[in-house]
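Undergrad: give the three-dimensional model of this entry:
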Amino acid sequence: MKMVDTQIRRRGVTDQDVLEAMETVPRHEFVPDRYVDQAYADHPLPIGHGQTISQPYIVALMTELLKLKDTDRVLEIGTGSGYQAAVLGELAEQVYSIEIVPELAEGAARALARTGYQDVQVRTGDGWYGWPEQAPFDAIIVTAVAEEPPPQLLQQLAPGGRMVLPLGPADGAQMLAVLEKDRAGVVARRDVLPVAFVPLTGGH
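TA: Reported below is the predicted structural model:
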């Protein structure tokens, strides 16, 4: 696929499973009809309610940073269009995704069902608090920016797990970060590159 060759592989994403997932998921099924002609373009797209679907490269990079195994259980905060969840669904055993905007959650659930991703569960809720009844998770991905990692999400991350999320102010310098929890529960942070995400909203 041209998108994978020109936007993703050439920028350094090398995990073959991730590249194959990006080639497999029909991105055009997850964008609003008026943007279908731009579905595979190298930029984010609006999906309504002030939210966006991330550019393909960022989806691929965040997925690669999770280092998923096919036995992993993954929590996604910010379902949005459902596209990132579908990519995760190609790689993990089970994906749980939370979206705070009911209309987006419903639309994503329909798109995921239409494209056959039965291993992805979507619910409407405040992602800041995670999905405690399904915890712990081997990996957590957050697709909206917060100034600090939500404490409940760190608690729900399994020992040996990793979280990928943007950190920083909503209107300032943001950094894509990887948080790894060791077997003793100690969390280490590694910054990857500057990014720009919409803010994580909710009761916090």
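Undergrad: counting contacts, what elements does the helix or strand harbouring Glu64 pack onto?
TA: Counting by DSSP states H and E, the element that carries Glu64 is helix 56-66. Contacts defined by 3 or more CB pairs under 8 Å, 6 or more residues apart in numbering; DSSP states H and E place helix 56-66 against helix 16-24, helix 83-91, strand 137-142, strand 157-167, strand 174-181, strand 187-195. Where C-beta positions appear, they are placed from N, C-alpha and C, glycine not excepted.
Undergrad: at 7 Å instead, please
TA: helix 16-24, helix 83-91, strand 137-142, strand 157-167 (3 or more CB pairs under 7 Å, 6 or more residues apart in numbering; DSSP states H and E).
Undergrad: out of the ones you listed, flag the one nearest Gln121.
TA: Gln121 sits nearest to helix 83-91 of all the helices and strands packed on helix 56-66, at 9.2 Å, using CB to CB.
Undergrad: counting by contacts, list what the very next helix or strand once past that closest one packs against.
TA: The first helix or strand that comes after helix 83-91 along the chain, using DSSP H and E, is strand 94-99. With contacts taken as 3+ CB pairs under 7 Å, 6+ apart, strand 94-99 sits against strand 73-77, helix 83-91, strand 120-124.
Undergrad: can you give me how far the longest one is from the chain middle?
TA: Offset of helix 83-91 from its chain centre (CA atoms, centre = their mean, to the nearest Å): 8 Å.
Undergrad: now do the helix holding Glu64 and strand 137-142, the angle between them.
TA: Direction vectors for helix 56-66 and strand 137-142, defined by axes from the mean of the first three to the mean of the last three CA atoms, to 10 degrees, enclose an angle of 150 degrees.
Undergrad: which residues are in contact with helix 56-66?
TA: In this structure, residues lying in contact with helix 56-66 by CB atoms under 7 Å, 6 or more residues apart in numbering are 3, 7-8, 11, 13, 15, 18, 22, 27, 40, 42, 83-84, 87-88, 91, 139, 141, 162, 164, 178, 192, 195.
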